[in-house]
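K.L.:
predicted coordinates and the sequence they were generated for:
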Amino acid sequence: MCGIIGYIGKNNPNDILINGLYNLEYRGYDSSGIAICDNKNIEIIKSIGRVSNLEEKIKKESRLNASYGIAHTRWATNGEASLKNAHPHKVGRVTIVHNGIIENADILKENLIKKGYTFNSETDSEVVAALLDSYLKELDVLVAINKLTKSLVGSYAIGIIIDNYNGIYAIRKDSPLILGIGLNEYFLASDITAIIKYTNKYILLDEGEIAFLTYNDYKIYKNKKIITKEILIADNIDTVNEKKDYSHYMLKEIMEEPIVLQKLIKKYSNSINQEKLNLSDYKEIDIVACGSAMYAGFIGQNLFEEYANIKTNVYPASEYRYKNKIYNDNTLVILISQSGETADTIAAMREVKRLGLPTLAIVNNKDSTIAREADIKILTEAGVEVAVATTKAYILQVSVLALMAYITACKKNLLKESINYNDFEKVPILLKEVIENNNQYKNIAEELYKDERCFYIGRGIDYAMCMEASLKLKEVSYIHSEAYQAGELKHGSISLIEKNTKIISIITDKKLKEKTISNIKEVEARGAKVIIVTTKDLDEFEDHLKIVVPTTNKFMNSILVIATLQLLAYYVALKRNCDIDKPRNLAKSVTVE
Ligand code: G6P
């Protein structure tokens, strides 16, 4: 959570910092602030709410002709979203912006209070500023920052300005931070999208390193020595994030699904790349992830067990990291993450690696911690996703899992019917047809948008789809929605069904169709209004409101179904005037536990 940007160079920092914050707003949007410096004076301006509020305030209040600065957009963890808790925090000579959580902040704070420090905010970040200030009273800057890194327990990416030291210092541990290299100008950012307008050259800062950016140089120190690091070049796919003519990023990103899917399917059309998705060496798979990425995992579980004959378990990373792990021989742990920076997924991965198990990451951000640390990485290459609710990245996570199940089933000779790779190549075209036919979703949104609760029901893989469809609806529209195994509803939650309760039922699995229909009858008998989502070959639902998608192969049906339900969630949220790209309380990348 939280986004960081810093700038030093020949240009006025204000515009660059604000532009960067707009691009980082997906990481948190409770409050924001900047600290700018003219080599002598420092000016701090903060604002509650969106970056646009901060921009207005800077226009009215900023007096300093500054030449460098740091800025921050916050997703509140320690302390409510308020002016006093917004970053930057200045204590003594030290001004900082911080992303992450300092777990030992309370103990550090107690000691600092004993030394005479007072605190204005409830944040752990202000403690970091005070601690560094206290060290600077006795030590040189580099030694003091180094001591700071040794004193902090938790995760952090920190940009630091110290009075009388013209430049920006930076450190990180378990929260992302890069250095951008321009022509006589240097940047600090949580990710490349924040600075891509100015440079595509960047360096990944690692744990234990201290960066110092000045007007005409940058240095990276490790163990008190200057080190040289590789300068990376960002390509288009990682950076293009303009909204174009779309009303929302969410809609734009759904509309991009056919293109990114086509690229993925093409990439795995050759046998060398296919081998990377072959899991036939493994007897058991644990899939570990959070949110939508975990729900993608449930689709994978159904496909691996049904077609590739591999026992598969799915866990939320926040649970998995602390559970007693029981493994069989040849267990593979698959981590799924769009950002590759989700704190719980990273912690689970490190724990699994410590235990000596092989890890495979399905990840979108190629520079992320998960991409860098997993034994094997499969990139989804969905491009930048800006809308907080994931759409295209989820579709590609499911597609990678579907291709893995298919390729493994082929290698193990398990497929009962002939499915050619050609069948996969047709899916992006069908997906395009499905998402462009958006009137039907708008019509169903009309039915749904006034309700305050609904259910998604299905069995087997259809239930796995329900979980994601339901999450999408509640994330963006705030309708309380629950996903249920269709056969399980009657064991309690059916008590919530009353006249006109909306139930969205997914039916794509032929062998479970009749069973789900029985469950539909049960809820209809109690007054529910059922909307059916099904494939063309199974459609017999003349008397229902319905969404019918083309039938593809069994591995890819979920792609078409989920895309339609992403659009349904979008149109319901639109009717309810919700802040679709930045739903309340959420952040796209959850870098705290
Ligand atoms: C947050 C986002 C979700 C996402 C989850 C996991 O909660 O709001 O959309 O599914 O994190 O994120 P990851 O980057 O690991 O896929």
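P.N.:
Alright, I've got the coordinates. Numbers count the residues shown, from 1 in each chain.
K.L.:
what's the burial count for whichever residue of the stretch 51-200 of the chain sits closest to the ligand?
P.N.:
The stretch 51-200 of the chain approaches the ligand most closely through residue 75 (10.5 Å), counting by C-beta to the nearest ligand atom. Placement of C-beta: from N, CA and C, glycine included. If you count neighbours by other C-beta atoms under 10 Å, residue 75 ends up with 23.
K.L.:
distance check, the residue lying closest to it once chain neighbours are set aside against the ligand.
P.N.:
Leaving aside its sequence neighbours, residue 75 sits nearest to residue 28 (C-beta to C-beta, 6 or more residues apart in numbering; 2.8 Å). Using C-beta to the nearest ligand atom, to the nearest Å, we find residue 28 at a distance of 11 Å from the ligand.
K.L.:
could you find the closest non-adjacent residue to the residue in the chain that the ligand sits nearest to?
P.N.:
With C-beta to the nearest ligand atom, the shortest gap between the chain and the ligand falls at residue 291, namely 2.8 Å. Distances taken as C-beta to C-beta, 6+ apart place residue 471 nearest to residue 291, at 7.1 Å, with adjacent residues excluded.
K.L.:
which parts of the stretch 1-150 of the chain are helices?
P.N.:
13-24, 51-61, 105-114, 124-136, 141-151 (DSSP state H, counting those that start in this stretch).
K.L.:
now tabulate those in JSON lines and tack on mean neighbour count, distance to residue 341 and mean pLDDT.
P.N.:
Formatted as JSON lines, the helices of the stretch 1-150 of the chain follow (neighbours: other C-beta atoms under 10 Å; distance: least, C-beta to C-beta, whole Å; pLDDT from 0 to 100):
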{"stretch": "helix 13-24", "mean neighbour count": "24", "distance to residue 341": "13", "mean pLDDT": "94"}
{"stretch": "helix 51-61", "mean neighbour count": "16", "distance to residue 341": "21", "mean pLDDT": "94"}
{"stretch": "helix 105-114", "mean neighbour count": "15", "distance to residue 341": "21", "mean pLDDT": "97"}
{"stretch": "helix 124-136", "mean neighbour count": "25", "distance to residue 341": "18", "mean pLDDT": "97"}
{"stretch": "helix 141-151", "mean neighbour count": "17", "distance to residue 341": "19", "mean pLDDT": "97"}
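K.L.:
make TSV from these and add distance to residue 213 to it.
P.N.:
Formatted as TSV, the helices of the stretch 1-150 of the chain follow (distance: least, C-beta to C-beta, whole Å):
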stretch	distance to residue 213
helix 13-24	12
helix 51-61	22
helix 105-114	26
helix 124-136	17
helix 141-151	13
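K.L.:
which of the ones you listed sits closest to residue 368?
P.N.:
helix 13-24 (15.2 Å; C-beta to C-beta).
K.L.:
next, residue 334: phi, psi?
P.N.:
Backbone geometry at residue 334, expressed as degrees, to the nearest 10, gives phi -100, psi 130.
K.L.:
state the pLDDT value of it.
P.N.:
Listed pLDDT for residue 334 reads 98.
K.L.:
now do the one 3 residues further on
P.N.:
The predicted structure scores residue 337 at 97 on the pLDDT scale.
K.L.:
cool, the one 3 residues further on as well?
P.N.:
In the prediction, the pLDDT value recorded for residue 340 is 94.
K.L.:
do the same with residue 270
P.N.:
93.
K.L.:
against residue 390, how distant is it?
P.N.:
To residue 390, residue 270 is 28 Å away according to C-beta to C-beta, to the nearest Å.
K.L.:
same question, residue 30
P.N.:
20 Å.
K.L.:
before we move on, what about residue 586?
P.N.:
From residue 586 to residue 390 the distance is 11 Å (C-beta to C-beta).
K.L.:
swap in residue 439?
P.N.:
25 Å.
K.L.:
near residue 247, how many other residues are there?
P.N.:
With other C-beta under 10 Å as criterion, residue 247 counts 12.
K.L.:
does it count as helix, strand or coil?
P.N.:
coil (DSSP: H, G, I helix; E, B strand; the rest coil).
K.L.:
nearest residue to it in space, ignoring adjacent ones along the chain?
P.N.:
Closest to residue 247 by C-beta to C-beta, 6+ apart is residue 574, at 7.9 Å.
K.L.:
quick one: the helix or strand encompassing that neighbour to chain centroid distance?
P.N.:
Counting by DSSP states H and E, the element that carries residue 574 is helix 557-575. Relative to the centre of its chain, helix 557-575 is centred 19 Å away, using C-alpha atoms, centre = their mean, to the nearest Å.
K.L.:
try stretch 460-474
P.N.:
With C-alpha atoms, centre = their mean, you get 18 Å for stretch 460-474.
K.L.:
what about it and the ligand, any contact?
P.N.:
No - using C-beta under 6 Å from any ligand atom, we find that stretch 460-474 stays clear of the ligand, coming within 8.0 Å at best.
K.L.:
how about that stretch: buried residues?
P.N.:
460-474 (16 or more other C-beta atoms under 10 Å).
K.L.:
what about those residues, which are in helices?
P.N.:
When the buried residues of stretch 460-474 are checked against helices (DSSP state H), the matches are 461-474.
K.L.:
of all those residues, which two lie farthest apart?
P.N.:
Across these (C-beta to C-beta), the longest gap, 21.0 Å, separates 461 and 474.
K.L.:
can I get the helix or strand bottoming out on mean pLDDT in the chain as CSV, trimmed to CA atoms?
P.N.:
Lowest mean confidence among the helices and strands of the chain (mean pLDDT, DSSP states H and E): helix 439-448, at a mean of 92. The C-alpha coordinates for helix 439-448 follow below in CSV (Å, rounded to 0.1, in the frame of the first residue of the first chain):
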residue,chain,number,x,y,z
ASN,A,439,-26.2,-4.4,-24.0
GLN,A,440,-27.2,-7.6,-22.4
TYR,A,441,-25.0,-6.8,-19.4
LYS,A,442,-26.5,-3.4,-19.1
ASN,A,443,-30.0,-4.9,-19.1
ILE,A,444,-29.2,-7.3,-16.3
ALA,A,445,-27.5,-4.5,-14.4
GLU,A,446,-30.9,-2.7,-14.5
GLU,A,447,-32.4,-5.7,-12.7
LEU,A,448,-29.7,-5.9,-10.1
